[in-house]
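Enquirer: with the input below, show me the fold.
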Amino acid sequence: MSKPSHIHPISVAATDSDVDTGAARPKLMFFGDPHGHFDFVIRCVQKYRPQAIVLLGDIQAQRPLQIELAPILDLTEVWWIPGNHDTDSEADHDNLFGSALGHRNLHGRVVDIGGYRLAGLGGIFRESIWSPPLEPAYRSAIDRLKVIRPSERWRGGLPLRHRSSIFPDEYERLAGQRADILVTHEGLGGHPHGWKAIDDLAVALGVQVVVHGHLHQTIDYVADGRLDTNAGYQAFGVAPEHCLIWPRPPAPLDGSPA
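Expert: Now for the predicted structure:
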């Protein structure tokens, strides 16, 4: 994959009153799946100094995440959700979940970040656990553990692979809260490889915006006709080495057309 030479902002709908025109510093930047490559993230943060960034899964840090992102830790807050590839190996898992930034995992919770309430749902739907709208095979990690032989457990718990599986009880607990922005690894139902369950979660949370990774496409769901303009929220997919800026700046940050 060729590496872009500049930032790729997506024009996010926001009224003039939503934008602090006196501040050049973005509030939030969302980055598509790094897959172990952080140069783009680091360059963007060093140039634009956002208040916070969110990595949208499939991070696959080759070293503990705080080491990979050491050049920007004093410049911004780093938050993340896990993707399916973050449990491909013990190293993928430990360099993320076991890093000094492990507590910045947004999965299954709502956190105030940059003046917004962000809800996170990491991981993916797996048929062996839950493939909505079908009935789940297991409602919780505890239910799954009950039928796993001790020899199949990883570090005394779920198999490593299922540390990035979405369980219904996690989804339902999140759906009972309120948020402004939902970040997910899975895509929305308007994409052939997405899930209506993500749209349903957005509605339950009452969010303004949904942002996801995983599909390796930069998508504006409303502009592309994948989401009805009356849905009540906007939705965006973010490809690797692309980012989404929220709220939309008064002028494009890289000088390209809005």
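Enquirer: run through the helices of the protein in chain order.
Expert: 39-48, 65-68, 90-97, 141-145, 168-175, 196-205 (DSSP state H).
Enquirer: what would the ones you listed look like in JSON lines with mean neighbour count?
Expert: In short, each C-beta sits where N, CA and C put it, glycine included. Formatted as JSON lines, the helices of the chain follow (neighbours: other CB atoms under 10 Å):
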{"stretch": "helix 39-48", "mean neighbour count": "18"}
{"stretch": "helix 65-68", "mean neighbour count": "20"}
{"stretch": "helix 90-97", "mean neighbour count": "18"}
{"stretch": "helix 141-145", "mean neighbour count": "16"}
{"stretch": "helix 168-175", "mean neighbour count": "17"}
{"stretch": "helix 196-205", "mean neighbour count": "20"}
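Enquirer: dump the residue contacts of V210.
Expert: The neighbours of V210, taking CB atoms under 8 Å, 6 or more residues apart in numbering as the test, are I181, L182, V183, T184, L188, I198, D199, A202, Y233, Q234, A235, F236.
Enquirer: any idea what the last one is bridged to?
Expert: When bridges are called by DSSP bridges, F236 pairs up with V211, D220.
Enquirer: quick check, it in contact with Y221.
Expert: Yes. Applying CB atoms under 8 Å as the test, F236 and Y221 come out as touching, 6.8 Å apart.
Enquirer: which parts of stretch 222-232 are buried?
Expert: Neighbour counts over stretch 222-232 (16 or more other CB atoms under 10 Å) mark V222, R226, L227, A231 as buried.
Enquirer: spatially, which two of the residues you listed are the most separated?
Expert: Largest separation among those by CB to CB: R226 and A231, giving 10.1 Å.
Enquirer: I'd assumed G32 was in contact with A239.
Expert: Yes. Using CB under 8 Å, A239 is in contact with G32, at 4.7 Å.
Enquirer: okay, and the common contacts of the two?
Expert: Common contacts of A239 and G32, defined by CB under 8 Å, 6+ apart, comprise H216, T218.
Enquirer: more neighbours, the two?
Expert: The neighbour count for A239 versus G32, taken as other CB atoms under 10 Å, is higher for G32 (28 against 19).
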